[in-house]
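Asker: generate a structure from the sequence data that follows.
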Amino acid sequence: CRGFHAGDAARSGQSKNRPCTGLISISCARSGAFFKGGTVDLAKGERFVNFDFALVQVLLWIMQMGLHRIIISYDIACNYHINFMERIAERSWPLMTPTEQSLFSALIVVWLVPKFHLAAHIEGCADKFSFNWTKNVGRTCGELVESNWVALGMMATSIREMGFGHRRDIINDAMCDWNWRKATGESE
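Answerer: Now for the predicted structure:
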């Protein structure tokens, strides 16, 4: 669509000499908790393959829980979902086994764009990918996943200079702390 430039390859040149240009992470749209296995380093900007890997790790975990309906909120869900099944079934690097793919195909998957980001999309997206017109999502805005970056964003300048292992440990600790504070503070 237009607007926020998520997935824009032109922005990937901002960190030419760094092995990691960013981070993508899957979190719950209701609770804001980070999902285990749903965080991936970005090598050259935000590309579908990075999000595919993170999302599939979380979907496999969700499928084991026995859920039958999954709502996926992503800034560019309107473009991202189009060839999702073909990408995860790619023969040279399949992300799901044929059995897992058939289980996934049986699920009801709803692709939506968070409310704030939807304003930058074309009119067709506003109708088809809106939380406002989707049944059984309550008044979810889909933007809670963005608020997680506030807690992690303060670490950006310090972790930028760290080695890979140390960087991953610090990010993992911060995400676990965030999940702990969310879980223990929900009653307040």
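Asker: so where's the chain shaky on pLDDT?
Answerer: Low-confidence segments of the chain (pLDDT under 70): 1-19, 45, 188.
Asker: at the geometric centre of the protein, which residue do we find?
Answerer: residue 26 (3.8 Å; C-alpha atoms, centre = their mean).
Asker: next one: that one from residue 39, what distance?
Answerer: Note on residue 26: its distance to residue 39, by C-beta to C-beta, to the nearest Å, is 7 Å. Every C-beta, even on glycine, is put in place using the N, C-alpha and C of the backbone.
Asker: quick one: common contacting residues for these two?
Answerer: residue 54 (C-beta atoms under 8 Å, 6 or more residues apart in numbering).
Asker: hmm, back to that, pretty sure the residue nearest to the centre of the chain contacts residue 38?
Answerer: Yes - the criterion here is C-beta atoms under 8 Å, and residue 26 meets it with residue 38 at 3.2 Å.
Asker: mind giving me the packing neighbours of the longest strand seen in the chain?
Answerer: Using DSSP state E, we find that the single longest strand of the chain is strand 34-42. Applying 3 or more C-beta pairs under 8 Å, 6 or more residues apart in numbering; DSSP states H and E, we find strand 34-42 packed against strand 22-27, helix 48-65, helix 164-185.
Asker: give me the buried positions along it.
Answerer: For strand 34-42, a neighbour-count test (16 or more other C-beta atoms under 10 Å) marks 34-35, 38-40, 42 as buried.
Asker: which residues touch the residue nearest to the centre of the chain?
Answerer: By C-beta under 8 Å, 6+ apart, the contact set of residue 26 is 34-35, 38-39, 54-55, 57-58.
Asker: pick out the most distant pair among those.
Answerer: Pairwise distances across those (C-beta to C-beta) peak at 13.4 Å, for the pair 34 and 55.
Asker: look up how far residue 185 lies from residue 81.
Answerer: Going from residue 81 to residue 185 by C-beta to C-beta gives 33 Å.
Asker: which one's more surrounded, the two?
Answerer: The neighbour comparison of residue 81 against residue 185 (other C-beta atoms under 10 Å) goes to residue 81, with 16 against 8.
Asker: against residue 87, how distant is the more buried one?
Answerer: In this view, residue 81 and residue 87 are 10 Å apart by C-beta to C-beta.
Asker: same thing with residue 126?
Answerer: In terms of C-beta to C-beta, residue 126 sits 25 Å off from residue 87.
Asker: repeat that for residue 110.
Answerer: The gap separating residue 110 from residue 87 is 19 Å, by C-beta to C-beta.
Asker: hmm, back to that, put the alpha carbons of the longest strand of the chain into CSV.
Answerer: Taking Å, rounded to 0.1, in the frame of the first residue of the first chain, the C-alpha atoms of strand 34-42 are listed here in CSV:
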residue,chain,number,x,y,z
PHE,A,34,6.4,-11.9,23.3
PHE,A,35,6.1,-15.4,21.9
LYS,A,36,8.9,-18.0,22.4
GLY,A,37,10.7,-18.6,19.2
GLY,A,38,9.1,-15.7,17.4
THR,A,39,12.1,-13.3,17.3
VAL,A,40,14.4,-13.1,14.3
ASP,A,41,17.3,-10.8,13.4
LEU,A,42,17.0,-8.8,10.2
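Asker: fine, thanks again, bye for now.
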